[in-house]
Structures are given as structure tokens and as C-alpha cells.
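Engineer: coords please:
(one chain, ligands or ions: 1)
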Amino acid sequence: MKFLCVLCALCGFQSFALDREAFTFTNYDLDVRVEPEQQRLAVRGKLTLRNDSTIPQKNLSVQISSTLDWRSIQFEGKPVQFVSQVYTSDIDHTGALSEAIVTLPQAVPPKAIVELAIGYEGTIPLDTTRLTRIGVPEEVAKHSDWDQIGKSFSAVRGIGYVAWYPVAIEAANLSEGNSVFSAAGKWKRREAEASMRVHLETPTISEQDTAPTILCGGQSTHDLTRDSIPKPPAAECTYFPLNFVVPAFVIADYDLLDRPTAQVFYLPDHRDAAESYALAADLALPFVKEWFGHPREKVQLLELADRDAAPFESGAIVLTPLGKNDSALSRLTAVHQLTHAAFASSRPWIYEGVAHFIQAAYKEQDNGRQAALDFMGLHRTAVADAEAALAAEHHQNAAADESLINTSREEFYRSKAMYVWWMLRDMVGEPALKKALAAYHHEQDKEPSYMQHLIEARAKRDLEWFFDDWVYRDRGLPDFRVQSSYPRPIVGGGFVVAITIENLGSAGAEVPVTLRMEGGEVTKRVQVRGNSTSTVRIEAPSAPQEVVVNDGSVAESNTSNNKFTIQK
Ligand SMILES: [Zn+2]
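Structural biologist: Down below sits the predicted model:
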């Protein structure tokens with residue numbers, strides 16, 4: 001049945017080029033039945049698609065995970081012709097997709113909408129194919145691609161992990177650098193305005209069994225049926241709009257710890273770890289409120305059954321193993337999720353960048369500036385490596401645009417953005433940055449420069465150059481070196497040291513310069529634009545010994561040339 005129209009396909013499909021990205025999926029309305037015993041999933045629903053290309057389209061592509069099969073596709077109540085094929089792509093954990101290439105009765109003009117009734121089903125087992133085939137050991141891969149419908153525990157993430165709802169994306173390959181992240185990122189951006197309703201249910205259970213908890217993201221209503229009448233436990237989730245979220249669902253025998261700040265869904269015997277996370281969220285709350293006011297929603301933590309699973313976040317929800325009872329780590333996780341619950345933006349560099357920055361700021365409050373800089377330092381190499389890889393790619397593709405406002409790279413919209421927020425706070429001061437973030441309203445964020453103007457207005461300072469180098473364009477990272485340092489004795493004792501800092505990189509920054517001397521040190525900040533020098537004069541009451549540029553607060557490509565010893 002799924003090869004309904006193989007014959008007509010064989011004679012006709014080779015003659016045209018299929019534009020897989022012509023249509024935007026504007027609405028999903030899906031009824032999903034999950035049978036954990038069989039690891040199965042069956043979906044019936046409606047898809048609305050809009051032709052966003054410039055020419056009429058008679059064919060379209062809809063793709064699902066390769067362990068699922070297309071059962072039916074209808075247009076205006078009638079089955080349409082489609083051919084189903086395996087399409088190799090690492091966008092899915094199986095490394096392939098079941099792609100249906102649909103031939104519509106008539107071409108869809110640009111901007112016109114088409115609605116399809118769809119049906120597909122199959123299994124979602126644990127599958128590490130896309131990782132093991134590029135050489136990742138199975139043992140490591142299964143803690144990263146942990147998605148599956150399992151007998152006792154199911155957790156399945158959407159785009160970038162498992163195509164459990166239809167997508168249409170050109171093939172991506174994990175062995176080609178950033179191709180998978182970039183394809184997933186591009187899809188999320190295209191689908192940011194789309195909406196989705198998912199109704200999830202599991203089979204009717206007998207009276208004596210407890211119903212599993214079904215959870216999915218978005219604005220969810222959980223019709224948990226734990227009463228005596230056997231009913232199919234169900235949950236309904238809506239995403240309106242999707243807004244970069246990765247729709248996911250979890251089905252497990254959870255217990256719930258419900259606190260004013262956090263809801264923790266935990267597996268039996270993990271009550272202690274659940275309470276420790278809830279406590280961490282309570283402790284982190286005042287800090288987040290100071291910046292953003294009270295969170296609009298509770299944060300949700302869903303425990304993953306695999307103790308070594310890599311955590312995953314989607315909005316204010318985090319899926320993570322519990323049990324490793326690390327309160328400092330719990331508080332860092334909580335402060336990040338609480339920031340998401342309190343501060344919304346549809347721009348990833350703002351939404352994620354601010355949440356990572358708040359983690360660093362929280363670390364600073366707890367353990368001091370150096371601890372925060374060390375925390376950020378864990379991200380520095382990743383940012384520097386990503387910039388280097390990008391610089392190499394740019395040789396091939398000059399049009400590649402990975403500015404913070406456009407990037408789909410996590411190293412940039414998370415780690416680099418965290419540095420950007422930290423640098424902004426160092427430059428304008430915490431009160432001004434707090435006021436600017438408090439004045440930010442995501443629904444008014446229509447122009448990339450909106451945030452710049454909010455900060456400038458409160459800081460009374462021109463930041464155009466900084467946003468140009470770090471946000472609107474990708475100019476790589478700075479590379480500071482101390483070019484020269486001349487101490488001059490002054491009347492009455494002591495010295496004035498003229499220090500010249502050179503920036504070998506193309507991104508400018510304001511960077512701290514520290515002069516160390518006998519019995520102490522003095523730090524001044526100096527602005528050094530890309531590929532230029534700046535001189536700062538620092539007074540030293542005793543003999544100057546050493547100059548250090550950048551305390552780690554500015555992301556820099558090379559930190560091996562930051563020290564300069566002053567000759568006696
Ligand atoms: Zn986040």
C-alpha cells in the first residue's frame with residue numbers, strides 16, 4: 001500500500017528536480033498513539049504547508065524517521081499519488097528518513113496553502129547508526145542518541161534527533177562538519193512561526209496498573225487518569241508558535257514533586273535527587289528574579305532513565321539523569337532553566353546567550369569573578385575552534401553567514417553569546433544591563449538592532465562598533481598581545497607605565513590590562529579595535545614587573561601571547 005504509486009513514479013519522477021525546501025510546514029495537528037510494549041507509534045493527522053518558493057510546485061516531500069512507514073496521504077479527501085523511498089540523512093538518529101514524494105493533482109502557486117491528511121506508523125527503537133558509522137563507539141553513542149520508545153521508559157526528541165513528526169530537509173551528513181546542526185537550525189528558523197498540536201495517548205490499561213505519565217512540551221494539559229476507571233492515559237500539547245522549540249515526548253512511571261518553582265518528574269527511588277533539584281531551583285530563584293522578575297512558569301525537570309544520558313533542554317523543560325547528587329551542578333541547571341522561564345526571546349543568541357551568561361553571573365556571586373571566568377573558560381576553546389573551522393569554510397563559501405543574529409551553531413549562540421553578554425556587562429555596568437533586559441519585550445524585537453538601542457539608551461554609550469564586530473557580523477575573535485611597556489619614574493617615587501596593546505584579530509573589544517608590581521597590581525580597561533593598537537598609562541607605586549592583557553573575560557583566539565615581562 002505504501003508503494004501505492006511506484007509505477008507512475010518510476011516513469012515520471014526522474015524528469016524534474018524536487019525542491020525539498022519549497023514548502024514551509026505552517027501547522028501540525030497530530031494524534032499520536034504510542035504502544036510502549038511494541039515500541040510502536042502510530043500517527044494520524046493534518047499537515048498544512050505553504051509554498052514559499054517563487055514558482056508553482058506540483059510535488060512535495062514529507063519525511064519521517066526510517067523506522068516509520070507512510071500509510072496514507074490524502075488531499076481534499078482523496079488519496080494522492082506518492083512514492084516512498086529511503087533518503088539517507090543524518091538529521092535522524094537512524095541516519096535515514098522515509099521520504100514520501102507526493103504528486104498533487106495540480107500545482108500549488110507561490111504563497112498558496114495545501115492541506116494534507118496523513119497517516120504513518122512504525123517503531124522507534126534505540127538507534128545509534130548515524131554516530132557509529134562515523135566511528136563513535138556504540139557505548140558512547142547510546143548516551144547521546146538515547147531516544148527510543150521502550151517498554152518501561154520512552155523519551156523521543158524531535159528535529160535533529162528523531163523525525164517522529166514530518167519534516168522536509170535536504171540531506172545532512174555528520175561527517176561534513178556542521179551540516180546536521182546547520183540543517184536542523186535552518187529548519188527551526190523556518191518553522192519558528194508554525195504551530196503544532198499533539199495529542200498523545202497510550203493503550204487502555206487494566207484497573208490495577210498505574211498509568212504512566214505522558215509529558216510533552218509546549219503549553220501542555222495532562223489528562224492523567226489515575227482513577228479507578230481504565231482509560232487511555234493521554235496528554236495534549238500545543239506549540240503556538242513553535243519558536244525554535246524541539247517538540248519531544250516522554251512516557252514513564254514517574255512520581256511528581258510539585259513545588260512553587262519547579263516540577264520534578266522522577267523515577268522510583270530517586271526522591272532525594274528530585275528534592276535536591278527542587279531545592280536548587282528555590283535557591284537560584286532570588287538571583288533570577290533580581291534580573292528578570294518572577295518566572296512566568298514553573299521549570300520542569302524530567303528524569304532520564306539512562307544515568308549517563310546527555311541532558312537535553314527545550315525551553316523551560318530539561319531532560320536529564322538524576323541521581324548524581326551534585327548540588328552546585330543542580331543550581332547551575334536550575335538557574336539556566338529559571339532564566340528561560342522568566343525571560344523570552346525568539347533570538348537564540350539572546351534566549352540562550354542570556355541563560356548561559358546568568359549561569360556565569362550566578363557562579364560569580366557564589367564563588368567570585370575568577371570562578372566565573374573559569375566557568376566561561378570551559379567554553380572558550382569550543383568557540384575558538386568553531387571560528388577557526390568557519391574561517392576555513394569561508395575560503396570555500398564566502399557567503400556563509402554565521403553572525404550571532406543568524407547563526408545555527410550552538411558554540412556561537414550559546415558560548416560566544418555568553419561572552420558577549422558578559423563583555424556588555426563589564427562595559428556598561430550591571431545596573432544598566434539589568435534595566436535594558438527588563439525593558440526588552442520579545443514581541444517588540446523586530447529589528448536586529450533593537451537590543452543594541454535598549455542597552456545604549458540605559459548606558460548612554462555608543463555600542464555600534466561592538467555589535468558590528470560581535471553580533472551583526474562574524475569577525476572571528478580578537479587576539480591581544482602586549483606590544484610594548486615603558487615604565488618612567490615619576491617625581492616623588494613610583495612609575496608611570498605606558499602599555500601598548502595590539503589586537504591581531506578583526507573583532508574589537510574592551511579588555512582589562514593588569515600591571516603587576518612589587519606587592520600588588522592595578523587593572524585598567526582599554527578599548528582595542530580589530531587590527532589596531534591602543535595605549536594605556538598605569539601608575540605603579542612600586543617597581544613594575546609584568547603586564548597581562550585579558551583576564552579571560554573576553555573570548556580570544558590565542559591566549560599564549562598575553563603576558564609581558566618588564567625588564568628592570
Ligand atoms: Zn537554554
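Engineer: what's Pro268 sitting at in phi/psi?
Structural biologist: In terms of degrees, to the nearest 10, the main-chain angles of Pro268 are phi -50, psi 140.
Engineer: cool, the one 10 residues further on as well?
Structural biologist: Dihedral angles phi and psi of Ala278 (degrees, to the nearest 10) take the values phi -60, psi -40.
Engineer: Check the one 5 residues further on too.
Structural biologist: As for Leu283, its main-chain torsions (degrees, to the nearest 10) stand at phi -70, psi -30.
Engineer: Distance of the spatially closest residue to it that is not a sequence neighbour relative to the ion?
Structural biologist: Distances taken as C-beta to C-beta, 6 or more residues apart in numbering put Arg331 closest to Leu283, at 5.9 Å, once the chain neighbours are dropped. All C-beta spots, glycine's among them, are computed from the backbone N, C-alpha and C. Arg331 sits 15 Å away from the ion, going by C-beta to the ion, to the nearest Å.
Engineer: Checking Arg331 next. Helix, strand or coil?
Structural biologist: Assigned by DSSP: H, G, I helix; E, B strand; the rest coil, the conformation of Arg331 is helix.
Engineer: repeat for Ser346
Structural biologist: Classified using three-state DSSP, Ser346 is coil.
Engineer: and what of the one 3 residues further on?
Structural biologist: Taken by three-state DSSP, the conformation at Trp349 corresponds to helix.
Engineer: Report how many residues lie close to it.
Structural biologist: 25 (other C-beta atoms under 10 Å).
Engineer: which residues does it contact?
Structural biologist: Taking C-beta atoms under 8 Å, 6 or more residues apart in numbering, we find Trp349 in contact with Leu404, Ile405, Thr407, Phe412, Tyr413, Ala417, Val420, Val471.
Engineer: which of those residues lies closest to Phe495?
Structural biologist: Comparing the contacts of Trp349 against Phe495 with C-beta to C-beta places Val420 closest, at 35.3 Å.
Engineer: okay, that closest one: pLDDT?
Structural biologist: Reported pLDDT at Val420 in the predicted model: 98.
Engineer: what about it, helix or strand, and which?
Structural biologist: helix 417-428 (DSSP states H and E).
Engineer: In this model Leu477 seems to touch Val511, though I could be wrong.
Structural biologist: No - counting by C-beta atoms under 8 Å, Val511 does not reach Leu477; the two are 11.7 Å apart.
Engineer: quick one, longest helix in the chain?
Structural biologist: Looking across the chain with DSSP state H, the single longest helix is helix 369-396.
Engineer: Show me what secondary structure element comes after it.
Structural biologist: helix 410.
Engineer: Determine whether any part of that next one lies close to the ion.
Structural biologist: No - Helix 410 is not in contact with the ion by C-beta under 5 Å from the ion; minimum separation 10.1 Å.
Engineer: and that helix, how far out from the chain's middle?
Structural biologist: Distance of helix 410 from the chain centroid (C-alpha atoms, centre = their mean, to the nearest Å) equals 6 Å.
Engineer: Contacts for it, please.
Structural biologist: Counting by C-beta under 8 Å, 6+ apart, Phe181 sit against helix 410.
Engineer: Next, count neighbours for Trp187.
Structural biologist: Trp187 - counted by other C-beta under 10 Å - has 23 other residues nearby.
Engineer: helices or strands next to whichever strand or helix holds it in the packing?
Structural biologist: If you go by DSSP H and E, Trp187 is part of helix 179-190. When contacts are defined as 3 or more C-beta pairs under 8 Å, 6 or more residues apart in numbering; DSSP states H and E, helix 179-190 packs onto no helix or strand at all.
Engineer: Now that helix: buried residues?
Structural biologist: By neighbour count on 16 or more other C-beta atoms under 10 Å, the buried set for helix 179-190 is Ser179, Val180, Phe181, Ser182, Ala183, Ala184, Gly185, Trp187, Lys188, Arg190.
Engineer: Next, the contact list for Asp551, please.
Structural biologist: By C-beta under 8 Å, 6+ apart, the residues touching Asp551 are Arg369, Leu373, Pro512, Thr514, Thr523.
Engineer: so the third one bridges to which residues?
Structural biologist: As for beta bridges, Pro512 partners with Arg525 under DSSP bridges.
Engineer: For the closest residue to the ion within the stretch 401-550 of the chain, list the residues it contacts.
Structural biologist: Nearest residue of the stretch 401-550 of the chain to the ion, counting by C-beta to the ion: Arg414, 7.5 Å away. Applying C-beta under 8 Å, 6+ apart, we find Arg414 in contact with Glu352, Gly353, His356, His379.
Engineer: try 7 Å
Structural biologist: Glu352, Gly353, His356 (C-beta atoms under 7 Å, 6 or more residues apart in numbering).
Engineer: Tell me what angle the helix or strand harbouring the second one forms with helix 417-428.
Structural biologist: When you say that, I think you mean Gly353. Assigned by DSSP H and E, Gly353 belongs to helix 348-367. For helix 348-367 against helix 417-428, the angle by axes from the mean of the first three to the mean of the last three C-alpha atoms, to 10 degrees is 70 degrees.
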